[in-house]
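**Q** here is a sequence with its predicted model. Questions after.
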Amino acid sequence: MCIVRVGLCQLDVAEQKEKNLQRAAQLVAKAAAYHADFAILPEMFVCPFSNGNFRPNAEAPDGPTVHFLSNLAKKHAIYLVAGSIPELDGDNVYNTSYFFNRAGDVLGKHRKMHLFDAMFRDGSVYRESDAISQGSQMTVVQTEFGPVGLAICFDIRFSELFRLMSLQGVRMIFHPAAFNLSTGPAHWDMSIRMRALDQQCFMISCAPARNPACAYVSYGHSMIADPFGAVVTRMGTEEGVAVAQLDLSEIEVTRQALPIMRGRRTDVYNTVYCKDL
């Protein structure tokens with residue numbers, strides 16, 4: 001057995017960045033008190049999810065928010081997947097997830113690769129690309145529990161990214177996200193369970209708590225799915241912390257029972273792909 005404890009920190013995001021940071025610190029402390037090895041915060045937890053909020057709250061990689069989060073990870077000797085924050089690089093703003101080790105060092109960061117540009121059946125439109133620049137790199141970081149992957153929200157729709165992470169041996173994929181009340185009921189559980197199932201790893205997805213007063217209302221329901229696609233834990237819509245114990249040995253058991261990775265037909269896939277080029 002290889003046991004790891006993971007804490008979902010489902011934060012009710014307020015207008016004030018400082019309030020959000022202090023509340024995030026309280027939730028991470030609670031996860032640490034339950035002996036979590038990892039804690040994960042939601043997507044854009046420092047400000048309400050709105051294009052108009054991203055640039056005013058954006059900071060450079062050496063800004064005070066990153067230092068705050070680094071100190072938080074170090075204080076509790078916990079791996080911290082710091083949700084995502086607006087990151088300023090030159091004139092570009094990225095939706096970026098920082099990953100800290102137990103000493104507070106940045107092990108890696110993921111810039112959201114696939115931006116949420118969508119038109120819903122009711123005619124409403126959301127264009128993240130109007131305010132955010134695309135990342136262009138897959139992110140896998142090394143931990144004492146083996147390699148883990150990072151993805152942000154809409155990235156989960158693109159299975160190719162998750163397969164590439166899987167081929168690098170990831171055992172857990174951390175996924176800060178903020179599905180809304182259109183996409184959440186339809187696709188949240190399905191997407192998380194399917195990515196866990198098709199990559200035969202643990203999917204760990206953390207969303208903001210639901211706040212009907214926000215312009216963009218999060219679906220909530222932070223959850224973890226196991227390599228067989230089963231739900232390990234699923235939160236409701238309120239702010240809080242849920243800590244789950246994961247047995248990483250389940251990954252190999254599942255892969256032996258359902259040999260998806262060994263059964264891949266790259267001889268065919270590669271041929272078809274080359275023809276399409």
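**A** That came through fine.
**Q** switch to C-alpha atoms for all contacts and neighbour counts from now on
**A** Will do.
**Q** mind checking the end-to-end distance for stretch 32-47?
**A** In stretch 32-47, first residue to last residue: 24 Å (Cα to Cα, to the nearest Å).
**Q** so for that stretch, mean pLDDT?
**A** Per-residue pLDDT values over stretch 32-47 give a mean of 98.
**Q** buried ones in that stretch?
**A** Under the neighbour-count criterion of 16 or more other Cα atoms under 10 Å, stretch 32-47 has 32, 34-47 buried.
**Q** and which of those is nearest Glu87?
**A** Ranked by distance to Glu87 (Cα to Cα), those are led by Met44 at 10.4 Å.
**Q** quick one: the strands in the stretch 101-250 of the chain?
**A** 106-111, 117-119, 125-127, 139-143, 146-150, 172-176, 202-206, 223-225, 231-234, 240-247 (DSSP state E, counting those that start in this stretch).
**Q** of these, which approaches Asp62 most closely?
**A** strand 106-111 (10.9 Å).
**Q** need the contact partners of the closest one.
**A** Residues from elsewhere that reach strand 106-111 (Cα atoms under 8 Å, 6 or more residues apart in numbering): 70, 94-101, 134-142, 150-152.
**Q** are any of those residues buried, and which?
**A** 70, 94-101, 134, 138-141, 150-152.
**Q** per-residue pLDDT, Leu277?
**A** Reported pLDDT for Leu277: 50.
**Q** now do Asp117 against Cys47, distance only.
**A** 19 Å.
**Q** give me the residue at the spatial middle of this protein.
**A** The centre of the chain sits closest to His175, judged by Cα atoms, centre = their mean, with a distance of 1.7 Å.
**Q** contact partners for that one?
**A** 150-153, 203-206.
**Q** likewise Leu8?
**A** 31, 39-41, 205-206, 222-223, 241-243.
**Q** make JSON lines out of those residues and add distance to Asp267.
**A** Shown next, in JSON lines, are those (distance: Cα to Cα, whole Å):
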{"residue": "Ala31", "distance to Asp267": "45"}
{"residue": "Ala39", "distance to Asp267": "40"}
{"residue": "Ile40", "distance to Asp267": "38"}
{"residue": "Leu41", "distance to Asp267": "40"}
{"residue": "Ser205", "distance to Asp267": "33"}
{"residue": "Cys206", "distance to Asp267": "37"}
{"residue": "Ser222", "distance to Asp267": "38"}
{"residue": "Met223", "distance to Asp267": "36"}
{"residue": "Val241", "distance to Asp267": "45"}
{"residue": "Ala242", "distance to Asp267": "43"}
{"residue": "Val243", "distance to Asp267": "42"}
